[in-house]
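Undergrad: Coordinates only, no sequence provided:
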């Protein structure tokens, strides 16, 4: 069934003179993300578009300002976004082994009133979706997290989180691909490499892929 | 391959940079490349190179290099006081060096980043199609790191256009003009009325936390309203406002996505001036239209085109 017209509204805003942000909505929602990824892929084929990045519910479009303007490209994006999306091909499934011995495991168990086994069972139950690849090389925002695991970010971010750390924050989970500062709660670690500098693309996950964790 | 230069002193932060790797942002890899692309490109053209060749980006204090063979170089960008054999030399023009000549920098006069191009372009590790050094992951350029004393610099090619002596840029950019042109961003309207006003009326200062990824800015506290945002793709020049009300300006090695409000974005023609700001420098934002941004962009490219034609 065709979704109601109102959900198809796209908000276009300039990001300087060589990029724009096309927002499809403001909810964390698999259907919106599917549309964003499809729109990003369709736009990449245009000659006036240099690069696109799909966000949770948006597309950032880097364009050639000698070939188009925010207005002209924005109108084309609105026309494209109004089309019925193609049936999505399911993304590749990655199975990721995790050793659940993270530094924040005890604090998370206490905050969520869950035993270790319950926590692990809940974190490994869903097949997560890769909503967005970005921030630093190899980072992917995965979700949605089961509601029982919602926790705001840590009050004080860590100066350095080791690469391979599996963490949660808000409605999201993720794996730190590089040693970076971070404010998420560390549940465990994986030996799977997310950042693959010698591959192209240099990243294991792509937007739309699926991820299943299992306790190693 | 013969050595072109030996690094005697590396300077504070000297890295090999070209025009970056814009094709990998969907994997979280920033576009990178020269922070001041105008100065980088001008240096290349003055040295007889194509604009895509790699140059040295020298930050605040320049390196000391000894030429191992005769070559042509050009120094552009911020004025860090370039010298050859201890005597001041002009910037924004081709310089002919003999084997044994020593390039050094006397000290910062204006700007923050100087660019050194050598005829033939600097050789460096290529990663995802670019020789640009990306320090966070240690890839590109000189094995992914800043230059060190004792490093040997090679040239990428022996083929380059002949260099015309005495040619210089018709109009050298004024890095003393510290006004950055911006276009209001997707979340400008989340700012309260006072913050919208102070974004354009109050001066900002580059804080001590300023590097190739971005600058944390000291200035008026900017107050936002509205729900938490879902993360989205970012662009260089984006001015994010974090929860404390502080602004962060993203630069070449930017995070590629984030969830903070973007209240304005520096236009491409003002990014070179942004690249020449350093810690403690005061500046202002000025709102421009897309049309004005286009005119500014064309002005810069016309200045470079005049260099490209013999």
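TA: That came through, no problem. The structure displayed is predicted, hence computed values, not measured ones.
Undergrad: Other residues contacting the longest helix anywhere in chain B?
TA: For chain B, the helix that runs over the most residues, judged by DSSP state H, is helix B:290-308. Helix B:290-308 has contacts (CB atoms under 8 Å, 6 or more residues apart in numbering or on different chains) with A:14, A:16-17, A:65, A:69-70, B:38, B:41-42, B:45-46, B:51, B:167, B:169-171, B:181, B:183, B:267-270, B:272, B:288. Using the backbone N, CA and C atoms, a C-beta is placed for each residue, glycine as well.
Undergrad: How about the contacts made by the nearest residue to residue B:108 once chain neighbours are set aside?
TA: Once flanking residues are discounted, residue B:108 sits nearest to residue B:80: 5.3 Å by CB to CB, 6 or more residues apart in numbering or on different chains. Contacts for residue B:80 (CB under 8 Å, 6+ apart) come out as B:58, B:60-62, B:105-109, B:111, B:114.
Undergrad: hmm, back to that, list only those of the contacts of helix B:290-308 flagged as buried.
TA: A:14, A:16-17, A:65, A:69-70, B:38, B:41-42, B:45-46, B:51, B:169, B:181, B:183, B:267-270, B:272, B:288 (16 or more other CB atoms under 10 Å in any protein chain shown).
Undergrad: that older thread, for the contacts of residue B:80, could you give me JSON lines that also reports pLDDT and secondary structure?
TA: Below are those laid out as JSON lines (pLDDT from 0 to 100; DSSP: H, G, I helix; E, B strand; the rest coil):
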{"residue": "B:58", "pLDDT": "98", "secondary structure": "strand"}
{"residue": "B:60", "pLDDT": "96", "secondary structure": "coil"}
{"residue": "B:61", "pLDDT": "94", "secondary structure": "coil"}
{"residue": "B:62", "pLDDT": "95", "secondary structure": "coil"}
{"residue": "B:105", "pLDDT": "98", "secondary structure": "strand"}
{"residue": "B:106", "pLDDT": "97", "secondary structure": "coil"}
{"residue": "B:107", "pLDDT": "96", "secondary structure": "coil"}
{"residue": "B:108", "pLDDT": "95", "secondary structure": "coil"}
{"residue": "B:109", "pLDDT": "94", "secondary structure": "coil"}
{"residue": "B:111", "pLDDT": "95", "secondary structure": "strand"}
{"residue": "B:114", "pLDDT": "98", "secondary structure": "strand"}
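Undergrad: Nearest to residue B:140 among those residues?
TA: Of all the contacts of residue B:80, residue B:140 sits closest to residue B:58, with 16.9 Å by CB to CB.
Undergrad: buried set for the helix or strand of chain B with the lowest mean pLDDT?
TA: The least trusted helix or strand in chain B, going by mean pLDDT, DSSP states H and E, turns out to be helix B:290-308, with a mean of 91. Residues of helix B:290-308 classed as buried by neighbour count (16+ other CB under 10 Å): B:292-294, B:296-297, B:300, B:303-304, B:307.
Undergrad: one step back: look up how far residue A:138 lies from the residue nearest to residue B:108.
TA: 35 Å (CB to CB, to the nearest Å).
Undergrad: now do residue A:29
TA: Taken as CB to CB, the span from residue A:29 to residue A:138 is 25 Å.
Undergrad: Compare neighbour counts for the two and give me the winner.
TA: Taking other CB atoms under 10 Å in any protein chain shown, residue A:29 and residue A:138 do not tie; residue A:138 has more neighbours (26 against 18).
Undergrad: so who does the more buried one touch?
TA: Neighbours of residue A:138 in contact, by CB under 8 Å, 6+ apart: A:177-178, A:194-196, A:202-205, B:27-28.
Undergrad: Helices - which of the residues you listed land there?
TA: Among the contacts of residue A:138, no member falls in helices (DSSP H).
Undergrad: Now the buried members of those.
TA: Members of the contacts of residue A:138 classed as buried by 16+ other CB under 10 Å are A:177-178, A:194-195, A:202-205, B:27-28.
Undergrad: Identify, from those, the entry nearest to residue B:256.
TA: Nearest member of the buried ones among the contacts of residue A:138 to residue B:256, counting by CB to CB, is residue B:28, at 5.2 Å.
Undergrad: Is the residue nearest the centre of chain B in a helix, a strand, or coil?
TA: The residue lying closest to the centre of chain B (CA atoms, centre = their mean) is residue B:35, at 1.8 Å. For residue B:35, the assignment made with DSSP: H, G, I helix; E, B strand; the rest coil gives coil.
Undergrad: Was I right to think it contacts residue B:250?
TA: No: Residue B:35 is not in contact with residue B:250 according to CB atoms under 8 Å; the separation is 11.5 Å.
Undergrad: Can you tell me how far the closest residue to residue B:19 other than its chain neighbours is from residue B:88?
TA: The shortest distance from residue B:19 to any non-neighbouring residue, by CB to CB, 6+ apart, is to residue B:33 (4.9 Å). Note on residue B:33: its distance to residue B:88, by CB to CB, is 29 Å.
Undergrad: quick one: which of those two has more around it?
TA: Between residue B:33 and residue B:88, residue B:33 has the larger neighbour count (other CB under 10 Å), namely 26 against 10.
Undergrad: ok, the more buried one - contacts?
TA: By CB under 8 Å, 6+ apart, the neighbours of residue B:33 are B:17-21, B:40, B:130, B:132, B:252.
Undergrad: where does it land on pLDDT?
TA: Here, the pLDDT recorded for residue B:33 equals 98.
Undergrad: Check residue A:2 too.
TA: 47.
Undergrad: and if you look at residue B:227?
TA: pLDDT, residue B:227: 86.
Undergrad: Look at the closest residue to it other than its chain neighbours and say how many residues are nearby.
TA: Among residues not flanking residue B:227 along the chain, residue A:26 sits closest, at 7.2 Å (CB to CB, 6+ apart). Residues near residue A:26, counting by other CB under 10 Å, number 16.
Undergrad: where does residue A:26 land in three-state SS?
TA: coil.
Undergrad: Over to residue B:270?
TA: Relying on three-state DSSP, one would call residue B:270 helix.
Undergrad: tell me the contacts of it?
TA: B:180-182, B:237, B:296.
Undergrad: Same question for residue B:40.
TA: Taking CB under 8 Å, 6+ apart, one finds B:17-19, B:33-34, B:51, B:55, B:57, B:76-77, B:115, B:117 in contact with residue B:40.
Undergrad: Same question for residue B:72.
TA: B:47-48, B:94-97, B:118-119, B:163.
Undergrad: Can you report how many residues neighbour the residue in the stretch 51-200 of chain B positioned nearest to chain A?
TA: The nearest approach of the stretch 51-200 of chain B to chain A comes at residue B:186, 3.7 Å away (CB to the nearest CB). Look at residue B:186: counted by other CB under 10 Å, it has 25 neighbours.
Undergrad: cool, residue B:220 as well?
TA: Residue B:220 has 18 nearby residues by other CB under 10 Å.
Undergrad: Apart from its neighbours in sequence, what residue is nearest it?
TA: residue B:198 is the one closest to residue B:220 (CB to CB, 6+ apart), at 3.9 Å.
Undergrad: Tell me if I'm right that the one you found and residue B:204 touch.
TA: No: with contact defined as CB under 8 Å, residue B:198 does not count as touching residue B:204 (9.6 Å).
Undergrad: joint contacts of these two?
TA: In contact with both residue B:198 and residue B:204: B:219-220, using CB under 8 Å, 6+ apart.
Undergrad: Please say which of the two ends up with more neighbours.
TA: residue B:204 (23 against 18).
Undergrad: where does the stretch 101-250 of chain B dip in pLDDT?
TA: For the stretch 101-250 of chain B, applying pLDDT under 70 flags the ranges B:160-161.
Undergrad: got the residues of it near chain A?
TA: B:127-128, B:136-137, B:139, B:182-186, B:227, B:229-235, B:237-238 (CB under 8 Å from any CB of the partner chain).
Undergrad: Repeat the analysis, applying 6 Å as the threshold.
TA: For the stretch 101-250 of chain B, the residues found near chain A under the criterion CB under 6 Å from any CB of the partner chain are B:137, B:139, B:183, B:186, B:230-233, B:235, B:237.
Undergrad: hmm, what's the outermost residue in chain A?
TA: Max radial position in chain A (CA atoms, centre = their mean) goes to residue A:66, at 31.1 Å.
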